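Colleague: with the input below, show me the fold.
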Amino acid sequence: MSQIPPQNGDNTSDEAEKPSVGEQPVQAENVDAMEALHRDLQEMKDKAQTHWDQFVRAQAELDNLRKRAERDLANAHKYALERFANELLPVKDSLELGMGAADGADAVASIREGMELTLRMFGQVLAKFGIEEVNPVGERFDPERHQAMTMQPSGEQPPNTVLGVMQKGYVLNDRLLRPAMVVVSKAPD
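Modeller: The predicted model follows:
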């Protein structure tokens, strides 16, 4: 850096560093400005710290929420069948009673009666949970709900009519669980 030589020969370097009378208010203004800057800086630091604390708390709450959601989901998977299982217990009880009744003299009649009762109870349990039977005898073949196992010529039914059901199908709240295995009619040869 080049230094500018003094204009008048009577100015010394010591005199140049001394503030003149007019410069003293300027220095006081600079000090005030510096103090204001320090205050602003401290305010900014306080705000930054406050925001950091809020961020850390929000992060902790988010972690807790995620853990709670994972625990709730695990419990939902674990105990989803609780109500269904409770409804099935009387069916098991009925089967056990039927087994006990089979020891008597009228075993066949008792077993049949017990099985009918158990089957009725089981159907009621399935219905409670939205499980319905697909037993389409006499209906038009529906590839969305039926699985054709074989075709038989029929003069009594129009083609593509279900003549018989080899295994019933089931739907859960209108969503297919298992298609019905069916025998489908075709035109006679």
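Colleague: only C-alpha atoms from now on, for both contacts and neighbour counts.
Modeller: Will do.
Colleague: and residue 155, how close does it get to residue 140?
Modeller: To residue 140, residue 155 is 15 Å away according to Cα to Cα, to the nearest Å.
Colleague: so between these two, which is more surrounded?
Modeller: residue 140 (17 against 12; other Cα atoms under 10 Å).
Colleague: so who does the nearest residue to that one once chain neighbours are set aside touch?
Modeller: Nearest non-adjacent residue to residue 140, counting by Cα to Cα, 6 or more residues apart in numbering: residue 161, 4.4 Å away. For residue 161, the contact set (Cα atoms under 8 Å, 6 or more residues apart in numbering) comprises 138, 139, 140, 141, 184, 185, 186.
Colleague: tell me how far the residue nearest to the first one when sequence neighbours are not counted lies from residue 178.
Modeller: Looking back up the chat, that one is residue 138. Excluding its sequence neighbours, the residue lying closest to residue 138 (Cα to Cα, 6+ apart) is residue 162, at 5.3 Å. Plainly put, residue 162 is 17 Å away from residue 178 if you go by Cα to Cα.
Colleague: so between the two, which is more surrounded?
Modeller: Neighbours per residue, other Cα under 10 Å: of residue 162 and residue 178, the larger number sits with residue 162, 26 against 17.
Colleague: mind listing what's buried in the host helix or strand of the more buried one?
Modeller: Using DSSP states H and E, residue 162 sits within strand 162-167. By 16 or more other Cα atoms under 10 Å, the buried positions in strand 162-167 come out as 162, 163, 164, 165.
Colleague: what are the phi and psi angles of the closest residue in space to the last one that isn't next to it in sequence?
Modeller: Ranked by Cα to Cα, 6+ apart and with sequence neighbours excluded, the top spatial neighbour of residue 165 is residue 182, at 4.4 Å. Backbone geometry at residue 182, expressed as degrees, to the nearest 10, gives phi -130, psi 160.
Colleague: what sits opposite residue 182 in the beta ladder?
Modeller: Going by DSSP bridges, residue 182 is paired in beta bridges with residue 148, residue 165.
Colleague: run a quick neighbour tally on it.
Modeller: Residues near residue 182, counting by other Cα under 10 Å: 25.
Colleague: what's the spacing between it and residue 133?
Modeller: Taking Cα to Cα, one finds residue 182 at 14 Å from residue 133.
Colleague: likewise for residue 142?
Modeller: For residue 142, the distance to residue 133 (Cα to Cα) stands at 15 Å.
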